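1. sequence first, predicted coordinates after that:
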Amino acid sequence: MQKLIDGAQKLGINLSDKQITQFKLYYQELVSWNKKFNLTTITDYQEVQTKHFLDSLTVVLALTEEELRQPGFSIIDIGTGAGFPGIPLKLFLPQSRLVLLDSKAKKATFLQHIIEQLELSHVEVVIGRAEETAHQPLFRENFTLVVSRAVASLPTLVELALPFCHIGGKFVAQKKGKIEQEIVEASKSIDVLGGKLNQVKKVELEELSDRRYLVIIDKICPSPEKYPRRAGTPARHPIIGAE
Ligand code: SAH
């Protein structure tokens, strides 16, 4: 796990022996389950360390020291797939509460297994679409941090994610490549859903040099009740436009 250890250090994270053991086990289970379930196209030992584990941990660059120390820190990962970025973040912040949300039941089977293997507590796997789960009182405006990687374009994602975030909390979208246009197009959606663009932060790590960004959005007002709209609508008819 040397690549992960070195990269994490650059993020200011010193992984403990326990955390390293957990990441190793996560790798083994991911590759072994991947033979039966289609979980990821990245299976090489070095690549999983950087493109999955380290990449997930870069979300901490969006958080202040104070936020990281906050008691009752809660995270929801929208469209988590095989657990990215949610599980690596949980390994780094063992005290946090984590909800892993995905619409695919087979992903949930793997996630349940990995939670048991890694002996994680205060983690809940929810099978469902963000469009529906975001209207449930237990989940709506109930998280300090909402994260999502590789799920939808930014205007759509903002509608799916911001309703989960409590006021004063943050939504961090992990994005890759050309994102300027997406960010301009998302400004209306951010405004309508009660957010404010805080910062677009480029990830400056030699291990991840392929233009990766964190789009950091603060939740400043409640999201109107009607959002997110019905399943599929946020993707088919995104709220697009500059303010
Ligand atoms: N975040 C992971 C997986 C990305 S693939 C990673 O970066 O590796 C996208 C995942 O989002 C899929 O597992 C898909 O089932 C899930 N997904 C897509 N739209 C969703 C929605 N509206 N609600 C919940 N999950 C969704």
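-> Thanks, I have it.
2. can you tell me if the helix or strand where S32 lies touches the ligand.
-> Taking DSSP states H and E as the definition, S32 sits inside helix 17-34. No: shown here: helix 17-34 not in contact with the ligand (CB under 6 Å from any ligand atom), separated by at least 10.6 Å. C-beta coordinates here come from the backbone N, C-alpha and C atoms, glycine included.
3. need the helices for this protein, in chain order.
-> Residue ranges of the helices in the chain, as given by DSSP state H, are 2-10, 17-34, 45-47, 55-57, 65-69, 86-92, 105-117, 130-133, 154-161, 180-185, 187-192, 233-236.
4. which one of those lies nearest to E124?
-> helix 105-117 (9.1 Å; CB to CB).
5. mind giving me the packing neighbours of that closest one?
-> helix 17-34, strand 97-102, strand 123-127 (3 or more CB pairs under 8 Å, 6 or more residues apart in numbering; DSSP states H and E).
6. burial count for G81?
-> Counted with other CB atoms under 10 Å, the neighbours of G81 add up to 19.
7. and what of the one 4 residues further on?
-> The burial metric for P85, expressed as a neighbour count using other CB under 10 Å, is 24.
8. give me every residue that touches the nearest residue to it once chain neighbours are set aside.
-> Among residues not flanking P85 along the chain, S56 sits closest, at 3.3 Å (CB to CB, 6 or more residues apart in numbering). Neighbour list for S56: F84, P85, G86, I87, P88, L89, R149 [criterion: CB atoms under 8 Å, 6 or more residues apart in numbering].
9. per-residue pLDDT, the third one?
-> Translated: G86. For G86, the pLDDT comes out at 98.
10. ok, and the closest non-adjacent residue to it?
-> G86 sits nearest to D77 (CB to CB, 6+ apart), 3.2 Å away.
11. tell me how far the worst-scoring helix or strand of the chain on mean pLDDT is from the chain's mean position?
-> Every helix and strand in the chain was compared by mean pLDDT, DSSP states H and E; the lowest is helix 65-69, with a mean of 88. Centroid separation for helix 65-69 versus its chain: 18 Å, with CA atoms, centre = their mean, to the nearest Å.
12. which bits of the protein sit near the ligand?
-> 79-81, 84, 101-104, 107, 129-131, 149-151, 160.
13. out of the residues you listed, which are buried?
-> With neighbours counted by 16 or more other CB atoms under 10 Å, the residues of the chain next to the ligand contain buried members at 79-81, 84, 101-103, 107, 129-131, 149, 151, 160.
14. what strands line up against the longest strand along the chain, and which way round?
-> In the chain, with assignment by DSSP state E, the single longest strand is strand 165-176. Strand 165-176 has the following strand partners under DSSP bridges: strand 143-149 (parallel), strand 212-219 (antiparallel).
15. now tabulate those strands in CSV and tack on mean pLDDT and distance to I13.
-> Compiled in CSV, those are given as follows (pLDDT from 0 to 100; distance: least, CB to CB, whole Å):
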stretch, mean pLDDT, distance to I13
strand 143-149, 98, 16
strand 212-219, 98, 15
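16. ranking those strands by mean neighbour count, which comes first?
-> strand 143-149 (a mean of 25; mean count of other CB atoms under 10 Å).
17. tilt between it and strand 97-102?
-> 40 degrees (axes from the mean of the first three to the mean of the last three CA atoms, to 10 degrees).
18. neighbouring contacts of strand 143-149?
-> Contacts for strand 143-149 (CB under 8 Å, 6+ apart): 55-56, 59, 63, 67, 70, 72-79, 84-86, 89, 99, 157, 160-162, 164-166, 169-174.
19. of these, buried ones?
-> Counted by 16+ other CB under 10 Å, the contacts of strand 143-149 give 55-56, 59, 63, 73-79, 84-86, 89, 99, 157, 160-162, 164-166, 169-174 as buried.
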